[in-house]
Every structure is written in structure tokens, then in C-alpha cells.
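Q: fold the stuff below for me.
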Amino acid sequence: MNYIYGALLLHSAGKEINEENLKKVIDATGEPANEAQVKAVVAALDGVDIKEAIEKAANAPVVAAAPAAPAEESKKEEKKEEDTEKKAEQAAAGLGALFG
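A: A predicted model of the protein is given here:
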């Protein structure tokens, strides 16, 4: 993620996004730059209009993550109910052994 932030920093400063500049930004964070990652980010951004990409991202519809939460909660509730049912069955089986 630092490599993307570094590229965005170079873009906002009006500097060319190349391997040398990106490596300097990453090294300035105190973390040694990984040459392969630097090359990969620079290659991936080659020919990309960053300003246009940022504008598209800013105008993109926001997808809410809230609907996913109730589904997860219902799964947890179902699992709790199943666990409770299993425990009740086990208890009943244990009582049956006492009288059986």
C-alpha cells in the first residue's frame, strides 16, 4: 500500500512517477524499497491518467457494507441455536441412560 501512496504523493507533487522517484519516497519512510514492487507499481501505472482515475473513483457510487452485516448476524444466531439444540439433545441422551 505504501507504494501506491508514494505514487499518489509523487503525482500530487507534480513529479514523474518512475522507479527512481518512487524508490526515494519509499526509502524516506524508513522502510527499504523492494525493487520488484517498485518496478511493478511503475509498470502498472504506465499510461494511466491518475487524475482521471481519481475523479472516476470520487464519482463512483458508494456500495454500503451494512446489508452484509445482518446476514452474518443471522448466521451466528443460527449457529447458536444449533449449538443449543445439540446440547439439549446430549443432555436428554445422558438422562435417558440414567433411567434406561
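Q: where does G47 land in three-state SS?
A: Assigned with DSSP: H, G, I helix; E, B strand; the rest coil, G47 falls in the coil class.
Q: distance of it relative to A53?
A: 11 Å (Cβ to Cβ, to the nearest Å). Yep, even glycine has a C-beta here, placed from its N, CA and C like the rest.
Q: looking at the two, which one has more neighbours?
A: Remark: of G47 and A53, A53 carries more neighbours, 12 against 6, as counted by other Cβ atoms under 10 Å.
Q: just the helices in this protein please.
A: For the chain, applying DSSP state H gives helices covering 2-12, 19-28, 35-45, 50-59, 68-99.
Q: in TSV, list those along with mean pLDDT.
A: Listed next are the helices of the chain as TSV, based on pLDDT from 0 to 100:
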stretch	mean pLDDT
helix 2-12	93
helix 19-28	95
helix 35-45	94
helix 50-59	88
helix 68-99	65
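Q: how many neighbours does V38 have?
A: V38 has 21 nearby residues by other Cβ under 10 Å.
Q: wait, I meant K75
A: Close neighbours of K75, defined as other Cβ under 10 Å, add up to 10.
Q: same question, Q37
A: The number of residues near Q37, taken as other Cβ under 10 Å, comes to 14.
Q: once you drop chain neighbours, what's closest to it?
A: Y3 (5.5 Å; Cβ to Cβ, 6 or more residues apart in numbering).
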